[in-house]
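Peer 1: I'd like to go over a predicted model; first the sequence, then the structure.
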Amino acid sequence: MIFGRASKIFQLKGVRMKKFKLGLWVLGIFGMLILFFGPAVAAEKPNVVVMMVDNLGWGELGVYGGGELRGALTPRLDKLAEEGMRLQNFNVEPQCTPTRSAFMTGRRPIRSGTTKVVWGMLYGLTSWEVTMAELMSEAGYATGMFGKWHIGDIPGRFPTDQGFDEWYGVANTTDEAEYSSQFQYDPEVGTKPMIVEALKGEVPRDVKPYEIQARREIDAELNKRAISFMERNVKEKKPFFCFVPYTQPHLPTLPHPDFDGKTGNGHYADVLAEIDYRAGQILDAIDKLKIRDNTVVIWFSDNGPEYFYPWHGTAGPWRGNYFTAWEGSMRAPFLIRWPGNVPAGSVSNEIVHVVDLLPTLGKIAGYDAPDDRIIDGVDQLDFFTGKQDKSNLEGFIIYNNDDVYGYKWRNWKMHLFELENMNSEPMRLNVPRVYNLITDPKEEYNMASEATWVLPVMFKKIIEFQKTLAQEPPIRLGTPDPYEPPK
């Protein structure tokens, strides 16, 4: 309309139309650039940085009641909590592999055949599963992973086969670093753990052996690679998903040489100080790159604390360690910062599960969760951003390995098995045990006779979940690729 009016004005003044058309064409192209690229700049996709630590209990950080009481102050993570939201009831799976699977797919591991840590057999995510990295990549993000994978260790199941543009780290568990120094280790037949690197679609290349010295140094290397990845993509003006699954404080809990003896309170406290420092390095890099306001930062632990002495940690007021169904196994620290979106200093005891991160980040990054399979996670963006006080999740079924160990609902917990610690024999209970997590955080006083009303509520929810397993049969552990779900 504006250009049409201008044409009439120019004609009245005797301007030659050929010149005018050329000028009009230039103006039109310029207008098109503003039309198409202007909103894109205004609605720039936020970067996403996820830091995951390995087996850090709920009670370790200062903001969760630890810090100095655990031998090391955690000022950087405490500050991160002040700048965003701290969840007091964030829940994971009892073991490393299932939590990582749940995070990557938004699906409970029973569906993916990834319910437990295994050795010496085919495991991990089939290529049929759709990962968060694949969804981020399709949404236009550069994707980089720097750290421990533990959901597949053969070609086709490495991170760079599952959506990541680049990867540096280890495929399996951190205790493999002990192998080469263990009693009568035979390198001719024993596993030779390696730190590897790869670009998308490549078979990972060995960088160096993953042994005790490398174990001490690897998290520093992960940060160096992660920061380089962020710098490159900021320079290229491309949004990025940077996933940093650290190896600390998984056993052997040994600090980087720069932190050895730093606290004077032993190796575990030294590692806690290092964990805080590593988070600070990433946060400082974000500030240096001037992308703080447009970067979502998430920091959480994949499991409850270590069990084995002297590497054992604490879950604070909660009972238990990883590999069990106790609250200390599943309730983990979680922090999220997104300036201008997540209210600073917010704290909540609402239930959130690790599967919720895939659909929630989809709302932020602009991807949709797959609709051709069951997705267990629920969108929590309105909860995180303070638009609603309540989480969109009231509870969830508890699996340990392939068995249903119970159900968690509101402030109630029902146990169908008892497993004191990861070295105990599980005992199936004839009568379920019921605990109230507000009045009894250590799950010591069975309230089944005083609150029988919650039993039918939770059993109904268990049955509803199990019906979905009949609707979409689970993938079995050890299923090879290619996998196609039954019709």
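Peer 2: Structure's in. What do you need? Keep in mind that what you see is a predicted model, and the values were worked out from it rather than measured.
Peer 1: list the contacts of residue 73.
Peer 2: 62, 67, 273, 276 (Cβ atoms under 8 Å, 6 or more residues apart in numbering). All C-beta atoms are positioned from the backbone trio N, CA, C, and that covers glycine.
Peer 1: who are the neighbours in contact with residue 465?
Peer 2: Taking Cβ under 8 Å, 6+ apart, one finds residue 397 in contact with residue 465.
Peer 1: among the contacts of residue 73, which are located in helices?
Peer 2: Residues of the contacts of residue 73 located in helices (DSSP state H): 273, 276.
Peer 1: can you get me a residue count around residue 83?
Peer 2: 17 (other Cβ atoms under 10 Å).
Peer 1: show the pLDDT at the closest residue to it other than its chain neighbours.
Peer 2: Leaving aside its sequence neighbours, residue 83 sits nearest to residue 337 (Cβ to Cβ, 6 or more residues apart in numbering; 4.9 Å). You'll see residue 337 listed with a pLDDT of 99.
Peer 1: now swap in residue 59 and tell me
Peer 2: pLDDT, read off for residue 59, is 98.
Peer 1: separation between it and residue 304?
Peer 2: 10 Å (Cβ to Cβ, to the nearest Å).
Peer 1: what is in contact with those two at once?
Peer 2: Counting by Cβ under 8 Å, 6+ apart, the residues touching both residue 59 and residue 304 are 315, 318.
Peer 1: the two: which is more packed in?
Peer 2: Neighbours of residue 59 and residue 304, each counted by other Cβ under 10 Å, are more numerous for residue 304; the result is 31 against 22.
Peer 1: in a helix, the more buried one, correct?
Peer 2: No. Checked against DSSP: H, G, I helix; E, B strand; the rest coil, residue 304 lies outside a helix; its state is coil.
Peer 1: so it sits right up against residue 331, yeah?
Peer 2: Yes. Using Cβ atoms under 8 Å, residue 304 makes contact with residue 331 at a distance of 7.3 Å.
Peer 1: what is in contact with the two at once?
Peer 2: 58, 315, 318.
Peer 1: list the ones among those that fall in strands.
Peer 2: Assigned to strands by DSSP state E, none of these qualify.
Peer 1: just put those residues in TSV and tack on distance to residue 405 and neighbour count.
Peer 2: Putting those into TSV (distance: Cβ to Cβ, whole Å; neighbours: other Cβ atoms under 10 Å) gives the following:
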residue	distance to residue 405	neighbour count
58	19	28
315	17	27
318	16	23
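Peer 1: you'd agree residue 52 is in a strand?
Peer 2: Yes. Assigned with three-state DSSP, residue 52 falls within a strand.
Peer 1: is residue 360 in a helix, a strand, or coil?
Peer 2: Following three-state DSSP, we place residue 360 in the helix state.
Peer 1: tell me the contacts of residue 469?
Peer 2: Counted by Cβ under 8 Å, 6+ apart, residue 469 has contacts 110-111.
Peer 1: name the element it belongs to?
Peer 2: Under the criterion of DSSP states H and E, residue 469 resides in helix 454-471.
Peer 1: rewinding a little: am I right that the residue nearest to residue 83 is in contact with residue 294?
Peer 2: No. If you go by Cβ under 8 Å, residue 337 and residue 294 don't touch, sitting 11.9 Å apart.
Peer 1: higher neighbour count, these two?
Peer 2: residue 337 (23 against 15).
Peer 1: phi first, then psi, for the more buried one.
Peer 2: Per-residue torsions, residue 337: phi -130, psi 130 (degrees, to the nearest 10).
Peer 1: beta partners of it?
Peer 2: residue 297 (DSSP bridges).
Peer 1: how near is residue 420 to residue 52?
Peer 2: Taken as Cβ to Cβ, the span from residue 420 to residue 52 is 27 Å.
Peer 1: can you show me the helices along the stretch 1-150 of the chain?
Peer 2: 2-12, 17-42, 75-83, 96-105, 109-112, 132-138 (DSSP state H, counting those that start in this stretch).
Peer 1: again with the stretch 301-450 of the chain
Peer 2: 327-330, 357-365, 381-384.
Peer 1: most packed of the ones you listed?
Peer 2: Highest mean neighbour count of the helices of the stretch 301-450 of the chain: helix 327-330, a mean of 28 (counted as mean count of other Cβ atoms under 10 Å).
Peer 1: just the CA trace of it, in CSV.
Peer 2: Provided in CSV are the C-alpha atoms of helix 327-330 (Å, rounded to 0.1, in the frame of the first residue of the first chain):
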residue,chain,number,x,y,z
GLU,A,327,13.7,-41.4,48.9
GLY,A,328,17.4,-40.7,49.1
SER,A,329,17.9,-42.8,45.9
MET,A,330,15.4,-40.9,43.8
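Peer 1: how far away from the center of its chain is that helix?
Peer 2: 17 Å (Cα atoms, centre = their mean, to the nearest Å).
Peer 1: for that helix, which outside residues touch it?
Peer 2: 57-58, 91-94, 303-305, 315-316, 318-323, 398, 408, 413, 437, 441, 443.
Peer 1: which residues sit in contact with the residue sitting nearest the centre point of the chain?
Peer 2: For the chain, the residue lying nearest the average C-alpha position, counting by Cα atoms, centre = their mean, turns out to be residue 103 (5.0 Å). Taking Cβ under 8 Å, 6+ apart, we find residue 103 in contact with 52, 132, 302, 354-355, 357-358.
Peer 1: which ChimeraX command selects the buried ones in those?
Peer 2: Command for ChimeraX that selects the buried part of the contacts of residue 103, burial taken from 16 or more other Cβ atoms under 10 Å:
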select :52,132,302,354,355,357,358
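Peer 1: between the contacts of residue 103, which sits nearest residue 365?
Peer 2: residue 132 (9.0 Å; Cβ to Cβ).
Peer 1: residues contacting that closest one?
Peer 2: 103-106, 163, 241, 357-358, 361.
Peer 1: gap between it and residue 360?
Peer 2: Counting by Cβ to Cβ - residue 132 and residue 360 are separated by 11 Å.
Peer 1: again, but for residue 253
Peer 2: Residue 253 is 31 Å from residue 360, by Cβ to Cβ.
Peer 1: and the helix holding residue 469, which residues are buried?
Peer 2: Buried residues in helix 454-471 (16+ other Cβ under 10 Å): 454-455, 458, 461-462, 465.
Peer 1: state the mean pLDDT of it.
Peer 2: For helix 454-471, the per-residue pLDDT averages 98.
Peer 1: please state the offset of it from the chain centre?
Peer 2: 26 Å.
Peer 1: got it, and stretch 126-143?
Peer 2: With Cα atoms, centre = their mean, you get 14 Å for stretch 126-143.
Peer 1: ok, now stretch 221-230?
Peer 2: 17 Å.
Peer 1: residues contacting residue 405?
Peer 2: By Cβ under 8 Å, 6+ apart, the neighbours of residue 405 are 325, 398-399, 415-417, 419.
Peer 1: run the last query once more with 6 Å
Peer 2: 325, 398, 416-417 (Cβ atoms under 6 Å, 6 or more residues apart in numbering).
Peer 1: gap between the closest residue to it other than its chain neighbours and residue 301?
Peer 2: Excluding its sequence neighbours, the residue lying closest to residue 405 (Cβ to Cβ, 6+ apart) is residue 325, at 3.9 Å. To residue 301, residue 325 is 17 Å away according to Cβ to Cβ.
Peer 1: residue 470 now?
Peer 2: From residue 470 across to residue 301, the span is 33 Å (Cβ to Cβ).
Peer 1: where exactly do the strands run in the stretch 251-400 of the chain?
Peer 2: Assigned by DSSP state E, counting those that start in this stretch, the strands in the stretch 251-400 of the chain fall at 295-301, 331-337, 346-348, 352-353, 395-400.
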